[in-house]
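# this is the structure alone, sequence omitted:
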């Protein structure tokens, strides 16, 4: 059901365009939210109504690519809420525009670190708890580019393809334990950054962060109890 009352939901990358939309949707459905950000003070600025709330936790300074940082977060979450029901991995990044021959190895490392390693590390931290409790939902964010490698997008496409394979593998390991793990495949997301980068594009064809958030909330709900290891396309009209 789309009622998360009493459920603890972790949303990584909560100050991003998608993360903020996802967080708001879970607020609308009465979840206990744990919002993470690598920086400091941005969460308080983005979610002033949740600051100092007993129902929510704003976790600044969390590096979701660092196992120790994530482990410390999970300890705090369990100490405060006693359980973790949902993990939403919205952390991600985009770098493209050069051929593979021209792409620095640092770009490959950055793409895999932010898009792939973040999913691996956070999921690895919560899965032992979910496995013990025999329940839980994880939703990852891949991309349409994860299905097909286009020119000048090698590092990005490879990292997002890995998210799909991680989702499938994790799901195969735990789907019989009451845990659902799936991912979404956004098309071009209608964000201020994308509008600035592509001023001639037809924005009305792009998918809205709020639309993606609705799909994520569905996948985190009991309505999606029989969906395992899926990669759900959410392209808008693009």
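Yes, it's here. All values reported here derive from a predicted model rather than from experimental measurement. Residues are numbered from 1 along each chain as shown.
# could you check how many residues crowd around the residue lying closest to residue 133 once chain neighbours are set aside?
With sequence-adjacent residues excluded and distances taken as C-beta to C-beta, 6 or more residues apart in numbering, residue 133 is closest to residue 83, at 7.0 Å. Using the backbone N, CA and C atoms, a C-beta is placed for each residue, glycine as well. The tally of other residues near residue 83 (other C-beta atoms under 10 Å) stands at 15.
# surely residue 83 forms part of a helix?
No: read with DSSP: H, G, I helix; E, B strand; the rest coil, residue 83 is coil and lies in no helix.
# partner strands of the longest strand anywhere in the chain, with direction?
Longest strand in the chain by number of residues, with DSSP state E as the criterion: strand 179-186. Using DSSP bridges, the strands paired with strand 179-186 are strand 136-141 (parallel), strand 231-234 (parallel).
# so which of those is the most packed in?
strand 136-141 (a mean of 26; mean count of other C-beta atoms under 10 Å).
# out of the strands paired with strand 179-186, nearest to residue 120?
Proximity to residue 120 (C-beta to C-beta) singles out strand 136-141 among the strands paired with strand 179-186, at 10.1 Å.
# in the protein, which spans are helices?
17-28, 42-46, 67-81, 105-111, 118-133, 154-174, 192-197, 209-219 (DSSP state H).
# quick check: which of those helices is nearest to residue 90?
Set against residue 90 and scored by C-beta to C-beta, those come closest in helix 17-28, at 4.1 Å.
# what helices or strands is the closest one leaning on?
strand 8-12, strand 32-36, helix 209-219 (3 or more C-beta pairs under 8 Å, 6 or more residues apart in numbering; DSSP states H and E).
# CSV for these, including mean neighbour count?
Output for the helices and strands packed on helix 17-28, formatted as CSV (neighbours: other C-beta atoms under 10 Å):
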stretch, mean neighbour count
strand 8-12, 27
strand 32-36, 26
helix 209-219, 21
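# export those to JSON lines and tack on mean pLDDT and distance to residue 98?
Output for the helices and strands packed on helix 17-28, formatted as JSON lines (pLDDT from 0 to 100; distance: least, C-beta to C-beta, whole Å):
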{"stretch": "strand 8-12", "mean pLDDT": "98", "distance to residue 98": "28"}
{"stretch": "strand 32-36", "mean pLDDT": "98", "distance to residue 98": "31"}
{"stretch": "helix 209-219", "mean pLDDT": "98", "distance to residue 98": "27"}
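# let's have these in JSON lines, adding distance to residue 23.
Below are the helices and strands packed on helix 17-28 laid out as JSON lines (distance: least, C-beta to C-beta, whole Å):
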{"stretch": "strand 8-12", "distance to residue 23": "5"}
{"stretch": "strand 32-36", "distance to residue 23": "6"}
{"stretch": "helix 209-219", "distance to residue 23": "8"}
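# who wins for proximity to residue 73 among those?
Minimum separation from residue 73 across the helices and strands packed on helix 17-28 (C-beta to C-beta) falls at strand 32-36, 6.7 Å.
# pull the distance from that closest one to the chain's centre.
12 Å (C-alpha atoms, centre = their mean, to the nearest Å).
# where does this protein dip in pLDDT?
1 (pLDDT under 70).
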